[in-house]
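Undergrad: Build the 3D model from these lines:
(2 chains)
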Number of protein chains: 2
Amino acid sequence: MSDKIPFASPGTSAALEEGTALTPKFDADGLVTCVATDAVSGDVLMVAHMNAEALAKTIATGEAWYFSRSRRALWKKGETSGHTQRVIEMRIDCDQDAIWIKVEQIAGACHTGCRSCFYRAVSLGKAGAATLEFRDARVFDPKTAYRTKD
Amino acid sequence: MSDKIPFASPGTSAALEEGTALTPKFDADGLVTCVATDAVSGDVLMVAHMNAEALAKTIATGEAWYFSRSRRALWKKGETSGHTQRVIEMRIDCDQDAIWIKVEQIAGACHTGCRSCFYRAVSLGKAGAATLEFRDARVFDPKTAYRTKD
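TA: Below you'll find the predicted structure:
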């Protein structure tokens, strides 16, 4: 699978928006953005990226795979920590450059130990002096979860 | 506001992840990714981008502003169609390069006329031949909504 991109090339805007063919519009780095939400609570858990291989593996296996931009590597979510994501539903957006997956998240999605990467709220109404407020507690200890590969 | 970036520069990973200062990590194009979800249903409505000015205006006004990569322009959501997004809550992720806003969406977020840009589901389990299934109907007529500027 790694040498072949198993998706047809994107067509016209009309084909992208109104068609039933999955023809993802990968960016110059070969990536689409992926938003993972909690299938139960609806909370956004994380925003990451998929290359063609990660997207194909996610579709084929029903488990979330991503592509790490910093490590330049394919990455199965939870491969070290066990905190995998089972995909309940996958959606694609109008111009097919963003993916939304609703997932069953084991433990937590964030490497900090929180359920969601979005554990802080931004205060509204004061642009110049916006501050962050912690909203979520840790659900696991990252030192333990990642010790095998850290 | 347009000449000044009203945010301090990102610090260390620890400061980004554990701090209470909003120091967004804009990418090489000066953008962060923004996910907008429906404050009522929890559905992902759209994925777009914000530059520093769009983020500052969103925080200051409580209405969603974005930066269009294709038009290279600041853009108030709904400025043509009236389909604005009132921000109920804003969250930022662990490394401060992605924003999540929960919004009250007027009519629909997608230029196709759908409530959400993610109106099609991807069939799982068959990577090579994945197809799309329409799940959402139009909630407005895009020909009417965008006629003033199209």
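Undergrad: Pull out the buried positions in the helix or strand of chain A with the lowest mean pLDDT.
TA: When the helices and strands of chain A are scored by mean pLDDT, DSSP states H and E, helix A:142-145 comes last with a mean of 91. Neighbour counts over helix A:142-145 (16 or more other C-beta atoms under 10 Å in any protein chain shown) mark A:142, A:145 as buried. (Glycine included, C-beta is placed from N, CA and C.)
Undergrad: for it, packing partners?
TA: Taking 3 or more C-beta pairs under 8 Å, 6 or more residues apart in numbering or on different chains; DSSP states H and E as contact, there are no helices or strands that helix A:142-145 lies on.
Undergrad: Report the closest residue of chain A relative to chain B.
TA: Residue nearest to chain B within chain A: residue A:42 (2.7 Å; C-beta to the nearest C-beta).
Undergrad: Could you list the buried residues of the longest helix out of those in chain A?
TA: Ranked by residue count under DSSP state H, the longest helix found in chain A is helix A:52-61. In terms of neighbour count (16+ other C-beta under 10 Å), helix A:52-61 has its buried residues at A:52-60.
Undergrad: for stretch A:13-33, same thing?
TA: Buried residues in stretch A:13-33, counted by 16+ other C-beta under 10 Å: A:16-17, A:19, A:22, A:24-26, A:31-33.
Undergrad: what about stretch A:53-64, average pLDDT?
TA: Stretch A:53-64 carries an average pLDDT of 97.
Undergrad: what's in contact with it?
TA: For stretch A:53-64, contacts defined as C-beta atoms under 8 Å, 6 or more residues apart in numbering or on different chains pick out A:1-2, A:6-7, A:24, A:32, A:34, A:36, A:50, A:65-67, A:74-77, A:84-87, A:90, A:99, A:101, A:103, B:122-128, B:130.
Undergrad: Then stretch A:11-27?
TA: By C-beta under 8 Å, 6+ apart, stretch A:11-27 touches A:7-10, A:32, A:51-52, A:55, A:92, A:94-97, A:99, B:112, B:120, B:122, B:130-134.
Undergrad: Show me those that map onto helices.
TA: Short answer: the contacts of stretch A:11-27 in helices (DSSP H) are A:52, A:55.
Undergrad: Now restrict the contacts of stretch A:11-27 to buried residues only.
TA: For the contacts of stretch A:11-27, buried by 16+ other C-beta under 10 Å: A:7, A:10, A:32, A:51-52, A:55, A:92, A:94-97, A:99, B:112, B:120, B:122, B:130, B:132.
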